[in-house]
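Here you go, sequence then predicted model.
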Amino acid sequence: MNLIPSLPGLTPNYWCTWCAQGAFRTQAALENPTDLKFQGDQGAKYVRESLREEVLFGPTGWLNTFYPKARADLYAVLDDGWDVDFGVHPDTQRWKFGACELSAQRFPSFPGEPRAGLKALNDAVNQAGWRGVGLWIAAQCVGDGKDGFELPQPEVERYWRERARWCHHAGIEYWKVDWGYRCGRPDFRQMLTEIAKQEAPGLFVEHTSCMAPVNGAPESAGRFATDASSLEMATRLAGASDVFRTYDTLDPLGTPATLDRAYELLKGAKLEPGRLGLLNTEGEIYLGAALGCAFGALRFPPIGPGAEAREVKLDEALRAVRWQRVAPAFGIGQGEVLASEAILSDDHYFVKGETWYPPANAQTVRQSAPAIVARGMSLPIVKSDAEAPYVVASRHPNGAISVATLPRHNTTKGNFQPPADVTIEVGNGEAPVGVFGTFHSLALKLTAPLDNRKVFAQDMAGEVASDITQFIVSTSPTGFTLEGQLIDRIGLQAATPNDSSGPGMILSIQKPI
């Protein structure tokens, strides 16, 4: 028995090329420094120069080798740089971004008019097994901002209607709208969403609020609500979007920063009519899957200098997309959002030059978030002898329930996953339960006796469920407990060798046949 549906899911998740661009091209620059002249931003040399067809589609190309088991559920998003020629600098030549046309220098095998090249590109990505290609979109038109020039509004609308029609013809279903001359203008972003609905039905338009990668000032307690302007803009855009990305964070503090943003947006954003209101938690994959959100994976197999020492955590994306075949992401306003009064804080001292974000260098940065967050269900009960993990849980609109424990970080210990005893309510037990992360134990409270029903469990990365009824601990007529060792064993049963992703398993309580 396989508890995971065979058809790909509908949640608009993706893998994004940005981090791979930086790692790959740093190595290429070392090998052939005369070939490349442009140094990209955020500390990643040549970060845009790597985005070219041979890197994507060659025999060892990213789209032919990355995420082989998850591709059918993931868009492959080409990030910043795909639609400009080599050497175009985002500071001095920002006005050149936003063409939404394939650069002939980067993609010589996809010639012709723009919509024909885009269709050929999307077809090639489909043939490699992916759900389709997604495109990074500059929040501007070509020419915006050059010498103080700004395209008139009617021309802006005409410009983007044409590009939406190109993408509709090409079968492209995802736009990741990011920085640009008009990035801070909600009316521009809302216009893009409306244009997509009219000209390219089925096109997801992801928006974001381009803000600092930390919540609050670097020396503060690190709460999103303390930055009133960022919170106001993000809340407004989240409610007006089909997909809203919670935006960049600083490793290794991404978990609390993203969780706090997601909580504030789920709590405070008001969904506008006709919008999906999905949150995208970017690289915090288990957080997103358990909280009913989409994600945008940035992780990639080892490439570039120091690759042999880089932690590999790709199985999380596979488990998350397979869970969302069962329990798709759901939007703002669906189900009450609850949070514990207890707040947890993580911290990290960034030595000088460690991070691309200058205000954090030579600083101890703290980021904080509620210890427990739940959507559409009561808060899990969490008990821990020492420090506790972050815990998130959801009851999805179709009844499925998910729960995750999330790791912690501080300057002294580094990354760590404190074990905890977690209790959740699962109703009559007829809905599947998704379990992510490490537990000391997980107790499930039922509203109906277990009686002679069987409990099955399966690694979400695997294909076969196991009957674990004999291993559960009955704590009451309407409840049972899973020991953490059992969750680890089942939830990592199909793990890829040398992949350090945490466990992820699906539970199903079934009547005997």
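Right, received. Where do you want to start? Numbers count the residues shown, from 1 in each chain.

going forward, measure contacts between C-alpha atoms and count neighbours the same way
OK.

what's the span of stretch 2-21 from first residue to last?
36 Å (Cα to Cα, to the nearest Å).

oh, I was asking about stretch 68-87
First-to-last distance for stretch 68-87 - Cα to Cα - comes to 32 Å.

same deal with stretch 266-279?
Start-to-end, stretch 266-279 (Cα to Cα) is 8 Å.

Could you list the buried residues of that stretch?
266-272, 275-279 (16 or more other Cα atoms under 10 Å).

chain center to stretch 223-234: distance?
On the basis of Cα atoms, centre = their mean, to the nearest Å, stretch 223-234 sits 20 Å off its chain's mean C-alpha point.

List of residues touching that stretch?
208-209, 211, 215-216, 257, 260-261, 264-265, 367-369 (Cα atoms under 8 Å, 6 or more residues apart in numbering).

Which parts of the stretch 151-300 of the chain are helices?
Assigned helices in the stretch 151-300 of the chain, in chain order: 153-170, 186-199, 228-239, 254-268, 285-290 (criterion: DSSP state H, counting those that start in this stretch).

If you count neighbours, what's buried in the second one?
By neighbour count, and taking 16+ other Cα under 10 Å as the criterion, the buried residues in helix 186-199 are 186, 188-190, 192-197, 199.

mind giving me the domain split of this structure?
Following the assignment in automatic domain parsing, the chain carries domains at 13-208+295-326, 378-510.

May I ask which helix or strand of the chain has the lowest mean pLDDT?
helix 18-31 (a mean of 69; mean pLDDT, DSSP states H and E).

after that one, next one along is what?
helix 53-57 (DSSP states H and E).

show me where pLDDT drops low in the stretch 251-400 of the chain?
304-310 (pLDDT under 70).

if you set the cut-off to 90 instead, what comes out?
For the stretch 251-400 of the chain, the stretches with pLDDT under 90 are 302-312, 352-358, 386.

Please, where are all the strands along it?
278-280, 296-297, 337-339, 343-350, 363-370, 372-375, 381-383, 390-395 (DSSP state E, counting those that start in this stretch).

export those to a markdown table and tack on distance to A404?
Compiled in a markdown table, those are given as follows (distance: least, Cα to Cα, whole Å):
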| stretch | distance to A404 |
| --- | --- |
| strand 278-280 | 17 |
| strand 296-297 | 18 |
| strand 337-339 | 14 |
| strand 343-350 | 16 |
| strand 363-370 | 14 |
| strand 372-375 | 10 |
| strand 381-383 | 12 |
| strand 390-395 | 5 |
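
Identify whichever of these lies nearest to R453.
strand 390-395 (21.7 Å; Cα to Cα).

Can you check what angle separates that closest one from strand 343-350?
Here strand 390-395 points in a direction 130 degrees away from that of strand 343-350 (axes from the mean of the first three to the mean of the last three Cα atoms, to 10 degrees).

Of all the strands of the stretch 251-400 of the chain, which one comes closest to Y75?
Of those, nearest to Y75 by Cα to Cα is strand 296-297, at 9.2 Å.

elements contacting that closest one?
Applying 3 or more Cα pairs under 8 Å, 6 or more residues apart in numbering; DSSP states H and E, we find strand 296-297 packed against strand 13-16.

and the strand it packs on, which strands flank it?
strand 74-78 (parallel), strand 296-297 (parallel) (DSSP bridges).

so what's N361 up against?
Contacts of N361 (Cα under 8 Å, 6+ apart): 350-355.

if you set the cut-off to 10 Å instead, what comes out?
Listed by Cα atoms under 10 Å, 6 or more residues apart in numbering, the contact set of N361 reads 218, 349-355.

Counting neighbours, what do you get for the closest residue to it other than its chain neighbours?
Take N361 and drop its neighbours on the chain: the residue closest to it by Cα to Cα, 6 or more residues apart in numbering is K352, 4.8 Å away. Counted with other Cα atoms under 10 Å, the neighbours of K352 add up to 11.

So S345 sits against L259, correct?
No: counting by Cα atoms under 10 Å, S345 stays clear of L259, with 11.6 Å between them.

one step back: format the domains of the chain as JSON lines; extra columns: distance to N2.
Shown next, in JSON lines, are the domains of the chain (distance: least, Cα to Cα, whole Å):
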{"stretch": "domain 13-208+295-326", "distance to N2": "11"}
{"stretch": "domain 378-510", "distance to N2": "5"}
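
Now tell me which of those domains the model trusts least on average.
Mean pLDDT is lowest for domain 13-208+295-326 among the domains of the chain, at a mean of 89.

what's the spacing between that one and its chain's center?
The answer for domain 13-208+295-326 is 15 Å, by Cα atoms, centre = their mean.

and the end-to-end length of it?
14 Å.

Report how many residues lie close to E232.
There are 16 residues near E232, going by other Cα under 10 Å.

How much space separates it from T246?
With Cα to Cα as the criterion, E232 and T246 are 13 Å apart.

any common contacting residues for those two?
209, 238, 265.

Quick check, the first one in contact with S241.
No: with contact defined as Cα under 10 Å, S209 does not reach S241; the gap is 11.5 Å.

E194 and A200: what is the separation?
10 Å.

shared neighbours, those two?
Contacts common to E194 and A200, judged by Cα under 10 Å, 6+ apart, are R161.

What's the separation between C210 and I195?
Per Cα to Cα, C210 is found 22 Å from I195.

same thing with E53?
The separation that E53 has from I195, given Cα to Cα, amounts to 29 Å.

What count of nearby residues applies to R158?
Every residue meeting other Cα under 10 Å relative to R158 is counted, giving 12.

quick check, L63 in a helix?
Yes: counting by DSSP: H, G, I helix; E, B strand; the rest coil, L63 falls inside a helix.

what number of residues lie near it?
Neighbours around L63, by other Cα under 10 Å: 24.

Is it in contact with L121, as I believe?
No: L63 is beyond contact range of L121, at 11.8 Å (criterion: Cα under 10 Å).

The residue nearest to G202 when sequence neighbours are not counted: how many residues sit nearby?
The shortest distance from G202 to any non-neighbouring residue, by Cα to Cα, 6+ apart, is to E173 (6.1 Å). Neighbour count for E173, taken as other Cα under 10 Å: 23.

do the same with W15
W15 has 28 nearby residues by other Cα under 10 Å.

thinking again about what came up before, which two of the contacts of stretch 223-234 have the greatest separation?
T208 and S368 (21.0 Å).

Dump the buried residues of helix 186-199 to a markdown table, plus distance to W323.
Output for the buried residues of helix 186-199, formatted as a markdown table (distance: Cα to Cα, whole Å):
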| residue | distance to W323 |
| --- | --- |
| P186 | 33 |
| F188 | 34 |
| R189 | 31 |
| Q190 | 31 |
| L192 | 31 |
| T193 | 28 |
| E194 | 30 |
| I195 | 32 |
| A196 | 28 |
| K197 | 28 |
| E199 | 32 |
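
Could I get the contacting residues of E101?
82-84, 113-115, 117-118, 163, 166.

what does R319 give?
69-70, 285-286, 289, 434, 436, 459-462, 491, 495, 501-506.
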